[in-house]
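> sharing a model prediction with you, sequence too.
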Amino acid sequence: MLVARGMTLRLPPLYALRAFEAAARFSSFTQAANSLCITQSAISRHVRTLEESLGCQLFERHGSRLALTDAGRRLAGDLKHGFRLIESACVAVSRQGGALRLKAPSTLTMRWLLQVLDGFHAEHRQGRVHLTSAWMDLDEVDFYGEPFDCAVLLGNGDFPAEWRSVKLFDEWLVPVCSPAICTDRPWDAETLAAAELIHPSRDCRDWRRWLERVGLGEAVDWRKGTLFDTLELGISAAALGHGVSIGDLALVGAELRRGTLALPFDTAVRTGDSYYLVWPTRSEEHSMLARMRDHLLANLPEPQQPGMRLLD
């Protein structure tokens, strides 16, 4: 149908477009309904309204299974992009003077970020950073589905093209334990093999990486020991004398200086991962982002310890 110049095509209802985009994203009316806090029958009705308005079928239904038609696939992709543009426009307007919403992993929060943000708030009393500290086995953020303006993540720097990032500091793995079990004599492979290993992740990846890099992969059985969910729990257990954990050199500096933790080995291993501040391009308009970024960069933890050997 041709539309005369000066006339606009009447768009389908926005609620129907939103319901369809959610159903396409989840491939499920039930999950779409949960995400939009409406009923499944409402999603079905909105999609049917949209199909009637556009004059084409958007889903092929095979019992409870949904599959997008070619028209539905094209519309879903364009709507996803369109809703992101709408969200970005609203965020740019509404968040200029509001709080900056930051997501960060729990161990980093406890061992560095909380204190740094306290200093930031003391210097910038007119603005606030709303921090959400989250347990993440693998650090990630979904700026489309989660309510955050920025995040601190541990990763290799390979982020989506629509993100911006700045590196904060590198991850260096090092064994840590209570001073009570750390003798003046340097530990060797036999000492470590006899010790109780503490793993700050269930896949034991950190101990595996450290042992392989220092040449002890065959001498010490990394599969034994106690498993924890977070680096924070592993370090705390080590400080209490329950064994030897693997830690991040930059995040245990305070305990080493206080003498509540000790280093049984003088070798730290760089993993290739680093902590980054990341944000979507839409957040660049937020008035507080640049100020918080500069404050973080000016207050980075110092990973170096006297006499440490660093394996890059």
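Thanks, I have the structure now.
> now the residue most central in space within the chain. Nearest residue, chain neighbours left out?
Among the residues of the chain, the one closest to the centroid is residue 140, at 2.9 Å (Cα atoms, centre = their mean). For residue 140, ignoring the flanking residues on the chain, the nearest one in space by Cβ to Cβ, 6 or more residues apart in numbering is residue 153 at 6.9 Å. No exception for glycine: its C-beta is placed from N, CA and C like everyone else's.
> who's in contact with the one you found?
Residues in contact with residue 153, defined by Cβ atoms under 8 Å, 6 or more residues apart in numbering, are 105, 139-141, 275-276, 278.
> export those as TSV, with columns for secondary structure.
Below are the contacts of residue 153 laid out as TSV (DSSP: H, G, I helix; E, B strand; the rest coil):
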residue	secondary structure
105	strand
139	coil
140	coil
141	coil
275	strand
276	strand
278	strand
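> which of those sits closest to residue 195?
Using Cβ to Cβ, residue 105 comes nearest to residue 195 of the contacts of residue 153, at 26.8 Å.
> okay, and the beta partners of that closest one?
Beta-bridge partners recorded for residue 105 (DSSP bridges): residue 134.
> wait, it touches residue 132, no?
No - applying Cβ atoms under 8 Å, one finds residue 105 not in contact with residue 132, separated by 10.5 Å.
> so those two - more neighbours on which side?
residue 105 (24 against 14; other Cβ atoms under 10 Å).
> low-scoring stretches of the stretch 1-150 of the chain, by residue?
By pLDDT under 70, the low-scoring segments of the stretch 1-150 of the chain are 1-9, 64, 88-97.
> mind checking how far the residue nearest to residue 140 is from residue 25?
According to Cβ to Cβ, to the nearest Å, residue 153 stands 23 Å off from residue 25.
> next, the contact list for residue 58, please.
20, 24, 47, 50-51, 68-69, 71-72, 75.
> could you rerun that using 10 Å?
By Cβ atoms under 10 Å, 6 or more residues apart in numbering, residue 58 lies in contact with 20, 23-24, 47-48, 50-51, 66, 68-76.
> out of these, which are buried?
20, 23-24, 47, 50-51, 66, 68, 72, 75-76 (16 or more other Cβ atoms under 10 Å).
> including distance to residue 233 and secondary structure, could those go into a markdown table?
Shown next, in a markdown table, are those (distance: Cβ to Cβ, whole Å; DSSP: H, G, I helix; E, B strand; the rest coil):
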| residue | distance to residue 233 | secondary structure |
| --- | --- | --- |
| 20 | 44 | helix |
| 23 | 40 | helix |
| 24 | 40 | helix |
| 47 | 46 | helix |
| 50 | 49 | helix |
| 51 | 51 | helix |
| 66 | 41 | strand |
| 68 | 43 | strand |
| 72 | 46 | helix |
| 75 | 46 | helix |
| 76 | 41 | helix |
